[in-house]
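A.B. asks: Test case, fold it:
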Amino acid sequence: MTETEIRDQAKVISFINMKGGVGKTTLTKEIGYYLATKRNKKMLFIDLDPQSNLTQSFFRKYNYSQEDLLELDEFAENTIGTNIEVRKKYYTNASIHKLFTPGKVSELTKEDCILKLDENISIIPGTLKSVFSERNSSIENHLFNYVSRHNLKNEFDFIFIDCPPTYSNYTIAALITSDFYITPTRPDSYSVLGIDMLDQVVKQIKDHHHVYFSGRELKSLGVVFSDLQQLSTGIQNLKTKIIESKKVQNLGINFFDSSFVYNSHLPKQAEYFITDSQSSKIQELTILVDEFERRVNE
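C.D. replies: This is a model prediction of the structure:
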């Protein structure tokens, strides 16, 4: 038997919150990269956020850029001068934009959309072009069909989807394809609003697109507090207040025991990954990944 034949089907997980700026993309890449490099998991990342920060992070690390940016990169190199190192060496035309072109999904090969970065890490890169597909409801089933048509769940251990912080066609596309979703949030006074809005969105998608959930269930893995700069008494009290709030209690939301602690390098260096660093944050990330895997397998 080949490795693909004996591998369990990939778990498809959306990282999502209806509120932006909560560390969603960072959590997606750090958990996924750790699983790929430390636990030998085959990972496919799908960048559905039109800001494409997940793509930019992996592209900087692996020295990639998209072919439609070639002229811009060449202009930057000529403008900056030859004394400045130009990091981008390889170009790809793989793109999420192709997947969400109306009427084209049945013609797409894996190589049209998926870029293999190394043995364990592949990505369907995001692109700013995706913004122009935002309001076309005919594309909502394209990701589901693409994953199914190419048997991607048999090729990977995990498929991570970085979602936009809005209720859009992309949100629907992500959730009808997913087995689980995880909700990063910050411990602030607006967190409950984002959690409540997401709960309503998930219920509506399950109701309106119930055919996609026949024989399976879209489950919440829970809420992860992210970007905690320090575990002070005040922050801990705020976390407790959010967890014990009447609204959250009524929703039946569960929270991760571990949190994703702030790292000052993350917002400064797109190519920075905690797993590759000598940071003490690796220990905290390991604990978080342990809990993540346990929740997925429960």
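A.B. asks: Which strands or helices does the longest strand anywhere in the chain pack on?
C.D. replies: In the chain, assigned by DSSP state E, the strand with the most residues is strand 219-228. Applying 3 or more C-beta pairs under 8 Å, 6 or more residues apart in numbering; DSSP states H and E, one finds that strand 219-228 contacts helix 24-38, strand 180-185, strand 260-261, helix 281-297. In this view, the C-beta of every residue, glycine as well, is placed from N, C-alpha and C.
A.B. asks: Which among these is found nearest to residue 51?
C.D. replies: Proximity to residue 51 (C-beta to C-beta) singles out helix 24-38 among those, at 8.1 Å.
A.B. asks: distance between that closest one and the chain's centre?
C.D. replies: Offset of helix 24-38 from its chain centre (C-alpha atoms, centre = their mean, to the nearest Å): 9 Å.
A.B. asks: tilt between it and strand 219-228?
C.D. replies: Interaxial angle, helix 24-38 versus strand 219-228 (axes from the mean of the first three to the mean of the last three C-alpha atoms, to 10 degrees): 100 degrees.
A.B. asks: which parts of helix 24-38 are buried?
C.D. replies: Buried residues in helix 24-38, counted by 16 or more other C-beta atoms under 10 Å: 24-37.
A.B. asks: before we move on, what about stretch 282-296?
C.D. replies: 284-286, 288-289, 291-293, 295.
A.B. asks: Run through who's touching that stretch.
C.D. replies: 11, 13, 30-31, 34-35, 38-39, 180, 182, 221-222, 224, 256-261, 274-275 (C-beta atoms under 8 Å, 6 or more residues apart in numbering).
A.B. asks: Any of those residues buried? List them.
C.D. replies: 11, 13, 30-31, 34-35, 180, 182, 221-222, 224, 256, 258-261, 274-275.
A.B. asks: before we move on, back to that, what pLDDT, on average, does the longest strand of the chain get?
C.D. replies: In this model, strand 219-228 has a mean pLDDT of 85.
A.B. asks: For the next helix or strand after that strand, give me every contacting residue.
C.D. replies: Using DSSP states H and E, the helix or strand that directly follows strand 219-228 along the chain is helix 233-243. The contact list for helix 233-243, computed with C-beta under 8 Å, 6+ apart, reads 187-188, 191-192, 225, 228, 248, 255.
A.B. asks: So for helix 233-243, mean pLDDT?
C.D. replies: The model assigns helix 233-243 a mean pLDDT of 79.
A.B. asks: how distant is that helix from the center of its chain?
C.D. replies: Offset of helix 233-243 from its chain centre (C-alpha atoms, centre = their mean): 26 Å.
A.B. asks: Could I get the buried residue list for that helix?
C.D. replies: So, applying 16+ other C-beta under 10 Å, buried residues of helix 233-243: 235, 238-239, 242-243.
A.B. asks: Kindly indicate which of these lies nearest residue 102.
C.D. replies: Using C-beta to C-beta, those come closest to residue 102 at residue 242, 40.9 Å.
A.B. asks: of all the buried residues of stretch 282-296, which comes closest to residue 98?
C.D. replies: The closest of the buried residues of stretch 282-296, once distances to residue 98 are taken by C-beta to C-beta, is residue 292, at 30.3 Å.
A.B. asks: State the pLDDT value of residue 149.
C.D. replies: 93.
A.B. asks: scratch that, residue 159 is what I was asking about
C.D. replies: Value listed for residue 159 in the pLDDT field: 98.
A.B. asks: just for the stretch 101-250 of the chain, where's the confidence low?
C.D. replies: 129-137, 227-232 (pLDDT under 70).
A.B. asks: what's near enough to touch residue 31?
C.D. replies: 160, 285, 288-289, 292.
A.B. asks: out of those, which one sits closest to residue 17?
C.D. replies: residue 160 (14.7 Å).
A.B. asks: The closest one touches residue 16, doesn't it?
C.D. replies: No: taking contacts as C-beta atoms under 8 Å, residue 160 lies outside contact range of residue 16: 11.1 Å.
A.B. asks: Let me know whether residue 152 touches residue 46 as I believe.
C.D. replies: No: using C-beta under 8 Å as the test, residue 152 is too far from residue 46 to be in contact (9.7 Å).
A.B. asks: Which one's more surrounded, these two?
C.D. replies: residue 46 (31 against 21; other C-beta atoms under 10 Å).
A.B. asks: Assign that one to one of the three secondary structure states.
C.D. replies: Here residue 46 is recorded as strand under DSSP: H, G, I helix; E, B strand; the rest coil.
A.B. asks: Tell me what it is bridged to.
C.D. replies: Residue 46 forms beta bridges with residue 124, residue 161, as assigned by DSSP bridges.
A.B. asks: Please report how far it lies from residue 123.
C.D. replies: 7 Å (C-beta to C-beta, to the nearest Å).
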